[in-house]
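1. need a structure here:
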Amino acid sequence: MIPTGLKLYATIAMVALGAAAVGGYTSGGTVVGPLSAGYKGGIGDWVSYVVLVGVAFVSVIVGGLLTYYRDADAESVAASMGLAVAPVGQRPVAASIWPIVAGLGFGFLMVGMAINAAITGVGLVVLGIVAFEWTMTAWADRATGDQTTNLALRGQLMGPFEIPLLGLVGGGIVVIAVSRILLASSELGAVVIAGVVAVIVFAIGIFAAQGPAISRNVLTGIAGVVMAGILVGGVWGAVSGTRVIEEHHEEEGEEAGGEESHSEEGVEES
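-> Alright, predicted model coming up:
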């Protein structure tokens, strides 16, 4: 079983390396430069590139240490310290999606610092939500010795606040990301993308209405994948910029003005 800490720091390392590559390409780097750490070609903005690669390097080291100690697993700690008897182990906690979301938010923050301020804002919002939600999840996991009771306690305490707040923030992020995607696409592509997003949202709503028939973890995973895809598309749209929108009204006005001038000249000549 892969330790949870390794999952978190491996995700941060991969997102940081990807952000370094994207930042290098968009800031003047060559095709091979960001991938070879500047050994073959340029890496673009070297400050952001070095920071992101350094974050990935530190994350790999921390993840390796956590793997060695198996996230403070009692038997692994006893073996590494040469103890004859393993200490009392910690009770397993509930599965959490927040490490993955934290890695995604951190990646958006790094990419935004190198490319666009709006992407930086999205990353800060995501990290703020993760910090709050992850803290409350960690508190609830250790409230009692029963996992079911802990989940019910967390839902009773946080439900009235997090559901409307997350709905508002999540809806705003989705609207901004989808708008960037539509503005960067062609006219036909924007229509197709809007239709696909509407169908996906409708399908998630149908799944959510099924209630106990579908596992909550499955529904959360599907929603997380869709949200990640929309955020990545929003970053692509922000980096690509908006498409050229032709202003037909001005052309029609000029044509109408030309026709009026021709008619006035004809009247003067007559």
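2. and for stretch 229-243, what's in contact with it?
-> With contact meaning Cβ atoms under 8 Å, 6 or more residues apart in numbering, stretch 229-243 is reached by 22, 26, 104, 108, 111, 115-116, 118-119, 122, 173-174, 176-186, 197. Heads up, the C-betas are built off the backbone N, CA and C, glycines and all.
3. ok now that stretch, how far from the chain's centre?
-> Relative to its chain's centre, stretch 229-243 lies at 12 Å (Cα atoms, centre = their mean, to the nearest Å).
4. again, but for stretch 44-59
-> How far stretch 44-59 lies from its chain's middle: 19 Å, per Cα atoms, centre = their mean.
5. average pLDDT for that stretch?
-> Mean pLDDT, computed over stretch 44-59, is 86.
6. touching it from outside, list them.
-> Counting by Cβ under 8 Å, 6+ apart, 9-10, 12-14, 16-17, 19-20, 23-29, 33-34, 37-38, 43, 110, 113-114 sit against stretch 44-59.
7. hmm, 7 Å instead?
-> For stretch 44-59, the external contacting residues (Cβ atoms under 7 Å, 6 or more residues apart in numbering) are 9, 12-13, 16-17, 19-20, 23-25, 27-29, 34, 37, 43, 110, 113-114.
8. check which helix or strand Tyr25 maps to.
-> helix 4-26 (DSSP states H and E).
9. helices or strands next to that helix in the packing?
-> For helix 4-26, the elements it packs on are helix 46-68, helix 98-114, judged by 3 or more Cβ pairs under 7 Å, 6 or more residues apart in numbering; DSSP states H and E.
10. what sits against Val125?
-> Going by Cβ under 7 Å, 6+ apart, Val125 touches 169, 173.
11. make that Gly63, sorry
-> 5-6, 9-10.
12. let's see that with 10 Å instead.
-> Taking Cβ atoms under 10 Å, 6 or more residues apart in numbering, we find Gly63 in contact with 2-3, 5-13.
13. just the buried ones from those?
-> Listed as buried from the contacts of Gly63 are 3, 5-13; burial here means 16 or more other Cβ atoms under 10 Å.
14. and the residues you listed as JSON lines, adding distance to Ala56?
-> Shown next, in JSON lines, are those (distance: Cβ to Cβ, whole Å):
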{"residue": "Pro3", "distance to Ala56": "18"}
{"residue": "Gly5", "distance to Ala56": "16"}
{"residue": "Leu6", "distance to Ala56": "14"}
{"residue": "Lys7", "distance to Ala56": "15"}
{"residue": "Leu8", "distance to Ala56": "13"}
{"residue": "Tyr9", "distance to Ala56": "10"}
{"residue": "Ala10", "distance to Ala56": "10"}
{"residue": "Thr11", "distance to Ala56": "11"}
{"residue": "Ile12", "distance to Ala56": "8"}
{"residue": "Ala13", "distance to Ala56": "4"}
